[in-house]
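Colleague: Got a predicted model here, sequence first, then my questions.
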Amino acid sequence: MELFILVAILISVFMAELIYYRLHALDNLNLKVDFTKNVANFGEDVELVEVVENRKRLPLPFIILKFEAPREIMFYDMNNTSKSDFLYREDMLTMKAFSKHTRRIRAKCTKRGYYVFPRVGITTSDLLLIERFNRDFANDSHLVVLPELLNTNLIRLLMSVTLSEIQCRRTLLTDPFTLAGIREYGPNDPMKSINWKASAKTGDLMVNSNASTCTQKVHIFVNLSNYNQKRSSSLLEKSISLAYTYLTELAQLGIPASIYTNGVDVLSGRPAVSETDLGSATLDERAIMLARIDLKKDVVPFDEILEKYISSTDRDDFILLISPQYNGNFRPLLSEIRSRRPSLHWLMPCYKITPLIDLEPGLETSYTRWEVIGSD
C-alpha cells in the first residue's frame, strides 16, 4: 500500500511538472539572430550574433538554438552545422532563471546578394526530459553583400577608352557666358579674349578661358538576360561586378554616370535603375541596388529598358553596354541604337570557348570581348 501511494505521488509530481512546463516553458523566452552589420563587401568577414533570454523564474535544462542561414555566408566553425539548400545550425546550452546568453559566430561573405534568416527557433524540454517544446521566432535581420570589386587590366583599358571618348567628343565650341578661369595668353588666342585687368595685375597677357558648352556623362546599360539555354548566371554575376567596379572608378574621377539594368530588385520586383547623377544617388546606394538584383527572377526584356532610357542620353555621352548575351535580335538592335548614339561601346563577358561572332557593320570598332576563366 505504501509503495502504491509513493508511486502515485511520483506520478502526480511528474504530471504536474510536465503540465507546468507545457504551459510556461516557452513564456518570456526570446531569441534573436543578427548580423553585426547590414552591408558588407564581397569577401569580407562578418559576425552572426545569437542572443537568447530566459526572463522568468523557470529554469530550462537545455535549449537548442536553431536557425537557417544562406549558404553564401560560410561559417569558419562548421561544428553543429549541416549543409543543404541552406546552412542548418544547432547550438545547445542550459538556461538558468533570468539568464541571458550571447554567442558570436564568424562567417565570410562569399557571394553578392541580399540575405535573411528564413527560420529561427528554439527547442527546449521539461526538467525530467519527458517532452520537448518548440517555438519559431520572427527575425527581421538582413545582410546586403556588395558586388565584387574587380582588379583586372580590363578596367584600366575601359577607363582609358572612356576618357578618350569623352575628350574626343568634347565640343570645340565654348560657352561665352560661362567662365572656366583665367590663363596665360597663347599665340592662337584671339585678342578679344584678353583680360586686361588680370594682365595689368600680373604684368603678362592673360586670357579668359570659357567652359565647354556641354558636360559629357557616362551611361551604363547592363543586360542580364539569359545567355544560354541552361540559364547560367556566372557571366551575369561578372557583368554586375564589372558595372560596380566601373561605377567606382568613375566616381573617383567625379564623372557623372547613370546605370540601367533589366534585372529586378529582390524586394520591390522592379528593374534596378538609377537615372540620377552620382551627386544625387551615392555610390553606396547604387552598390546596394546592384547587390539586391535577384538573378533567379525573370528579367524585363532588355530592348524595353534600352529603348526607354536611351532617349534620356545626349548624343555625345559615352554609353557602355555590358551584355554576355549576343544572339537573337540583340546585335541588330545594338547596331540600330549605335546609329543614333555613335559613342556606344559594347563589352561582352564570355569564356575562352565562346565562339567568335560576326559583328554587324559599324559594331567592329565599338566592341570588346572580355574572356574570363571558367565555363558553365
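Modeller: Received the coordinates, thanks.

Colleague: list the contacts for the residue nearest the centre of the chain?
Modeller: With distances taken as Cα atoms, centre = their mean, Ala291 lies nearest the centre of the chain, 1.4 Å away. Neighbour list for Ala291: 112-114, 144-147 [criterion: Cβ atoms under 8 Å, 6 or more residues apart in numbering]. To be clear about C-beta, it is placed using only N, CA and C from the backbone, and glycine gets the same treatment.

Colleague: Need the phi and psi values for it.
Modeller: The phi and psi values for Ala291, taken as degrees, to the nearest 10, are phi -70, psi -30.

Colleague: Equivalent analysis for Ser311, please.
Modeller: Dihedral angles (degrees, to the nearest 10) for Ser311: phi -70, psi -20.

Colleague: Number the chain from 39, please
Modeller: Sure, I'll start numbering at 39, so the last one becomes Ser349.

Colleague: Now for Glu40, how many residues are close by?
Modeller: Burial of Glu40, expressed as a neighbour count using other Cβ atoms under 10 Å, amounts to 6.

Colleague: picking up where we left off before, do you know the pLDDT at the residue nearest to the centre of the chain?
Modeller: Looking at Ala329, its pLDDT reads 97.

Colleague: The one helix or strand in the chain whose mean pLDDT sits lowest: what's the following helix or strand?
Modeller: One helix or strand of the chain scores below all others by mean pLDDT, DSSP states H and E: strand 212-222, with a mean of 55. Next helix or strand after strand 212-222 toward the C-terminus (DSSP states H and E): helix 234-240.

Colleague: Quick check: mean pLDDT of that next one?
Modeller: Helix 234-240 comes out at a mean pLDDT of 72.

Colleague: Confirm that Arg141 sits in a strand.
Modeller: Yes. Secondary structure of Arg141 (DSSP: H, G, I helix; E, B strand; the rest coil): part of a strand.

Colleague: tally of neighbours for it?
Modeller: Around Arg141 there are 13 residues (other Cβ under 10 Å).

Colleague: Please parse the protein into its domains.
Modeller: The domain map for the chain lists 66-183, 191-207+253-410, 218-250, with the assignment taken from automatic domain parsing.

Colleague: Could you check how many residues crowd around the closest residue to Met244 other than its chain neighbours?
Modeller: Using Cβ to Cβ, 6 or more residues apart in numbering and skipping the chain neighbours, the partner closest in space to Met244 is Ala236 (4.0 Å). With neighbours defined by other Cβ under 10 Å, the count for Ala236 comes to 16.

Colleague: Could you tell me how far Ala236 is located from Glu222?
Modeller: Using Cβ to Cβ, to the nearest Å, one obtains 10 Å as the distance from Ala236 to Glu222.

Colleague: Now for those two: what residues contact both?
Modeller: Residues touching both Ala236 and Glu222 (Cβ under 8 Å, 6+ apart): Met244.

Colleague: Tell me how far stretch 121-136 lies from the chain's centre.
Modeller: Offset of stretch 121-136 from its chain centre (Cα atoms, centre = their mean, to the nearest Å): 29 Å.

Colleague: Buried ones in that stretch, by neighbour count?
Modeller: Using 16 or more other Cβ atoms under 10 Å as the test for burial, stretch 121-136 gives 124-125, 127, 129, 133.

Colleague: which residues are in contact with stretch 69-88?
Modeller: Residues outside stretch 69-88 that contact it (Cβ under 8 Å, 6+ apart) are 89-91, 103, 105, 107, 111, 113, 129, 139-150, 155, 158-160, 175, 177, 179-187, 279, 322, 326.

Colleague: An error on my part: the question was meant for stretch 342-357.
Modeller: The contact list for stretch 342-357 (Cβ under 8 Å, 6+ apart) reads 200, 203-204, 207-209, 252, 254-259, 296, 298-300, 309, 311, 313, 359, 371, 375, 378-383.

Colleague: what's the average pLDDT for that stretch?
Modeller: The average pLDDT within stretch 342-357 is 88.

Colleague: do stretch 82-97 as well
Modeller: Averaging pLDDT along stretch 82-97 yields 94.

Colleague: Next: stretch 184-203.
Modeller: In this model, stretch 184-203 carries a mean pLDDT of 87.

Colleague: Would you mind giving the domains of the chain as JSON lines with distance to Leu41 added?
Modeller: Converted to JSON lines, the domains of the chain look like this (distance: least, Cβ to Cβ, whole Å):
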{"stretch": "domain 66-183", "distance to Leu41": "21"}
{"stretch": "domain 191-207+253-410", "distance to Leu41": "66"}
{"stretch": "domain 218-250", "distance to Leu41": "104"}
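
Colleague: need the least confident one among the ones you listed, by mean pLDDT.
Modeller: Mean pLDDT is lowest for domain 218-250 out of the domains of the chain, coming in at a mean of 67.
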